[in-house]
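**Student:** Predicted model and sequence follow; I will ask about them next.
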Amino acid sequence: MRKLLRYPGEIQRAKLRAILERNADTVYGRQHGFSRIRNVRDYQKRVPINTFEALRSSVERMAHGEANVLTSTAPLMFARTSGTSGAPKLIPVTPEFRDEYYSRIWFLTLLCRYPSSAAPKSILSVAGSAAEDRTEADIPIGSISGHLYQRQRPGIRARYVLPYEVFSIRDLQARYYSLLRFALEASVRIIVTPNPSTLLLLTEKAKEHAEAIIEDIAAGRLRRDIPIESHVRATLEADLAPNPNRARELARLAGRESFRPTRFWPRLQAICCWLDGPARLYLNEVTATYEGVPLHNMGYLASEGRGSLPFGWSGRTVTAVGSHFFEFIPEEAREEASPPALTVEQLEVGRRYFIVFTTSGGLYRYDIDDVVAVTGQYLGTPVLEFIRKGSSVHSFTGEKVTEDQVTLAMEEAIREVEVAVAFFVLVPEWGRPPRYRLLVEHREPAQPDTDGRLAEVFDQALQRLNIEYRSKRSCERLAAVATARLRMGSYATYRRHRGEQGSADAQFKVSSLCPKEGPLVEFLKTRCLIERGSDLEFAVA
């Protein structure tokens, strides 16, 4: 690992050579002359920067079973992304891509750091289903996290609390109930889940279903009145046995005023999740709910690939130079006709870049539309921090409000107003003048004047963070931020709705800034607003 990080340029060039040589005789490889590429500059000349739409037709050919289109090896599965708008994306997962994606070194380091996790059924890892659907060629479509979960070595699998079959339950509420039915019986030492909001959802569901779960644990059963596929139920019930001692212990805890995770998992030592970007909004509440259990960064990863890996225990993550080949476009140069594409050796600390992936799954020079910041170096390799989705930017009059500014402003507003916000999203609203509106779901009932104060503090914070926004507010080209309250449970309702549409719940994420009308905004407008007041009209970028 240290060798990789000391010579990032050399490792990256070797990675690119291996990908191009392996796939030189594919349809895409022949079209772009992979066999004649000798260096990075050749690659950049011959292969354009791609969006998914540019590759979609090739991916669809692979999904129909055609061989040798983007990759010389056939895909094991397709990972379906959980974007908030547009047609779903199917990401080919070849054996080589799977090996690039899985960070065995980091996981083993984590286990060494917490040796008690070697005990059977001590790791609560939340994944998705590896086979939610199938292509016309009968290739699984699902979550890469579920695929990796299934393929863990037996020694590691024995440490997992959950049977994989829990993730294959189609009904999301039944899945969460079953997950907690197994997890609350176990002595959990480590929790691994990408999205920190899942940690809060687990706590809420544990409180909601405590009585039924305790009864199930005592009787050694899985309640019959929840919709679980018969073959899945049979597998899950096979190893259940009555556990009255654990049931009595949980009943005693459930009778207390606060049914907190560290009470029912007193040996919990660590939580691994996202710590960057919009995930930061949840971290204070996670830390309070889990009473200071250390949080470790999982790093920057998406269905399309892994961008960074944790090093040490500081929360910082380093570019995953051994996973894929990366290029970086300076944030300010994105809209240029021929923007520069830099390699890891050319990055500067303190700058922001759009990251471009080349993977063994057939994504060549793939612009994932993510902005990362270089915050330092470790052994010569850039330290990366995920900032935001690149498309999460909006302007009415040139203010260019970004998702990370929205996240930081909301953090400040929540802190100053001292209110528990379960979920929010900022949307543009046409008017004379136009404005931004916060759609807010409170975790607890809030006073009527709370939202007005929240909007006021948020607006002030956003002005400090964005001088163009401040300028447009001061000259009244933009009106002050307004609010609209969402029903309690709106986020969970939308999350369940997306799950029913096939989105991977384990990596479910929502941008805190929605610059244009889309499924999320439409869902919230039509199903979750407590008071519509005047019709809300949202800007289209």
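**Tutor:** Happy to help now that I have it. Residues are numbered from 1 along each chain as shown.

**Student:** can we go C-alpha only for contacts and neighbour counts from here?
**Tutor:** Noted.

**Student:** Report the secondary structure element holding the nearest residue to L222 once chain neighbours are set aside.
**Tutor:** Of all residues not flanking L222 in the chain, D216 sits nearest, at 5.8 Å (C-alpha to C-alpha, 6 or more residues apart in numbering). Assessed by DSSP states H and E, D216 sits inside helix 196-219.

**Student:** Give the residue spans of the stretch 151-300 of the chain that score low on pLDDT.
**Tutor:** 256-258 (pLDDT under 70).

**Student:** show me where it has helices.
**Tutor:** Secondary structure of the stretch 151-300 of the chain (DSSP state H, counting those that start in this stretch): helices located at 154-157, 172-183, 196-219, 230-237, 244-254, 261-264, 280-289.

**Student:** thinking again about what came up before, okay, angle between the helix holding D216 and helix 280-289 too, please.
**Tutor:** Per axes from the mean of the first three to the mean of the last three C-alpha atoms, to 10 degrees, the angle that helix 196-219 makes with helix 280-289 is 40 degrees.

**Student:** buried residues in helix 196-219?
**Tutor:** Under the neighbour-count criterion of 16 or more other C-alpha atoms under 10 Å, helix 196-219 has 196-200, 202-203, 206, 210, 213-219 buried.

**Student:** Stretch 8-25 now?
**Tutor:** Buried-residue list, stretch 8-25, by 16+ other C-alpha under 10 Å: 8-9, 11-13, 15-17, 19-20, 22-25.

**Student:** And that stretch, how far out from the chain middle?
**Tutor:** 28 Å (C-alpha atoms, centre = their mean, to the nearest Å).

**Student:** can you put the helices of the stretch 151-300 of the chain in a markdown table and add distance to E456?
**Tutor:** Shown next, in a markdown table, are these (distance: least, C-alpha to C-alpha, whole Å):
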| stretch | distance to E456 |
| --- | --- |
| helix 154-157 | 50 |
| helix 172-183 | 37 |
| helix 196-219 | 26 |
| helix 230-237 | 50 |
| helix 244-254 | 39 |
| helix 261-264 | 34 |
| helix 280-289 | 18 |
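
**Student:** among those, which is nearest F424?
**Tutor:** Minimum separation from F424 across those (C-alpha to C-alpha) falls at helix 280-289, 10.1 Å.

**Student:** tell me what that closest one is packed against?
**Tutor:** Counting contacts by 3 or more C-alpha pairs under 8 Å, 6 or more residues apart in numbering; DSSP states H and E, helix 280-289 packs against helix 196-219, helix 403-417.

**Student:** quick check: angle from it to helix 403-417?
**Tutor:** Calculated by the same axes, to 10 degrees, helix 280-289 forms an angle of 40 degrees with helix 403-417.

**Student:** P310 is in contact with W106, correct?
**Tutor:** Yes. If you go by C-alpha atoms under 8 Å, W106 and P310 touch, sitting 7.1 Å apart.

**Student:** which of those two has more neighbours?
**Tutor:** Legend: neighbour count by other C-alpha atoms under 10 Å for W106 and P310, higher for P310 (22 against 16).

**Student:** That one bridge partners, please.
**Tutor:** P310 has the following beta-bridge partners by DSSP bridges: T317.

**Student:** if we can go back for a sec, I figured the residue nearest to L222 was touching H209, is that so?
**Tutor:** No. With contacts counted by C-alpha under 8 Å, D216 stays clear of H209, the gap being 10.7 Å.

**Student:** Relative to V457, how far out is the residue of the chain most remote from its centre?
**Tutor:** Residue farthest from the centre of the chain, counting by C-alpha atoms, centre = their mean, is C475 at 38.2 Å. As judged by C-alpha to C-alpha, to the nearest Å, C475 and V457 stand 19 Å apart.

**Student:** Also I226?
**Tutor:** 44 Å.

**Student:** count of residues packed around T397?
**Tutor:** 12.

**Student:** buried residues in the strand ranked longest in the chain?
**Tutor:** As assigned by DSSP state E, the longest strand anywhere in the chain is strand 366-378. Across strand 366-378, burial judged by 16+ other C-alpha under 10 Å covers 366-368, 370-377.

**Student:** Ok, stretch 251-262 next?
**Tutor:** So, applying 16+ other C-alpha under 10 Å, buried residues of stretch 251-262: 251, 253-254, 259-262.

**Student:** circling back to that earlier point, just the mean pLDDT for the longest strand of the chain, thanks.
**Tutor:** The average of the pLDDT scores along strand 366-378 is 94.

**Student:** start to end distance for stretch 147-160?
**Tutor:** 15 Å.

**Student:** Quick one: distance of that stretch to the chain centre.
**Tutor:** Using C-alpha atoms, centre = their mean, the offset of stretch 147-160 from its chain centre is 21 Å.

**Student:** contact partners of that stretch?
**Tutor:** Residues from elsewhere that reach stretch 147-160 (C-alpha atoms under 8 Å, 6 or more residues apart in numbering): 98, 102, 117-125, 127, 129-130, 164.

**Student:** Stretch 116-128 now?
**Tutor:** Outside stretch 116-128, the residues touching it (C-alpha under 8 Å, 6+ apart) are 111, 142-146, 149, 158-162, 167-168, 183, 186-193, 504-507.

**Student:** Using PyMOL, define a selection of the buried residues within these.
**Tutor:** Listed next is the PyMOL selection for buried residues among those, using 16+ other C-alpha under 10 Å:
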select buried, resi 142+143+144+145+146+149+158+159+160+161+162+167+168+183+186+187+188+189+190+191+192+193+504+505+506+507
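
**Student:** can I see the domain layout of this structure?
**Tutor:** The record's domain parsing of the chain by automatic domain parsing lists 2-74+317-389, 115-268, 393-527.

**Student:** export these to CSV and tack on distance to T289?
**Tutor:** Listed next are the domains of the chain as CSV, based on distance: least, C-alpha to C-alpha, whole Å:
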stretch, distance to T289
domain 2-74+317-389, 25
domain 115-268, 7
domain 393-527, 12
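
**Student:** Relative to E304, which of those domains is closest?
**Tutor:** Distance to E304, taken as C-alpha to C-alpha, is lowest for domain 2-74+317-389 among the domains of the chain, at 7.8 Å.

**Student:** what's the spacing between that closest one and its chain's center?
**Tutor:** On C-alpha atoms, centre = their mean, the centre of domain 2-74+317-389 falls 20 Å from that of its chain.

**Student:** Can you give the contact residues for the one helix or strand T109 maps to?
**Tutor:** Under the criterion of DSSP H and E, T109 resides in helix 104-113. The contact list for helix 104-113 (C-alpha under 8 Å, 6+ apart) reads 1, 117-118, 309-311.

**Student:** one more time with 7 Å, if that's ok
**Tutor:** With contacts defined as C-alpha atoms under 7 Å, 6 or more residues apart in numbering, helix 104-113 is touched by S117.

**Student:** What residues sit buried inside it?
**Tutor:** Burial within helix 104-113, assessed by neighbour count using 16+ other C-alpha under 10 Å, is assigned to 106, 110.

**Student:** Report the mean confidence score over the next helix or strand after that helix.
**Tutor:** With elements assigned by DSSP H and E, the helix or strand that comes after helix 104-113 is strand 123-125. When pLDDT is averaged along strand 123-125, the result is 95.

**Student:** which of the residues in strand 123-125 are buried?
**Tutor:** Of the residues in strand 123-125, those buried (16+ other C-alpha under 10 Å) are 123-125.

**Student:** hey, where'd the helices end up in the stretch 1-150 of the chain?
**Tutor:** So, for the stretch 1-150 of the chain - with DSSP H, counting those that start in this stretch - the helices run 2-6, 8-22, 27-31, 40-46, 52-63, 95-101, 104-113, 144-150.

**Student:** just the stretch 301-450 of the chain next, same as before
**Tutor:** With DSSP H, counting those that start in this stretch as the criterion, the stretch 301-450 of the chain has helices at 403-417, 450-465.

**Student:** nearest to P339, of those helices?
**Tutor:** helix 403-417 (22.6 Å).

**Student:** Give the other helices and strands that that closest one contacts.
**Tutor:** strand 381-389, helix 450-465 (3 or more C-alpha pairs under 7 Å, 6 or more residues apart in numbering; DSSP states H and E).
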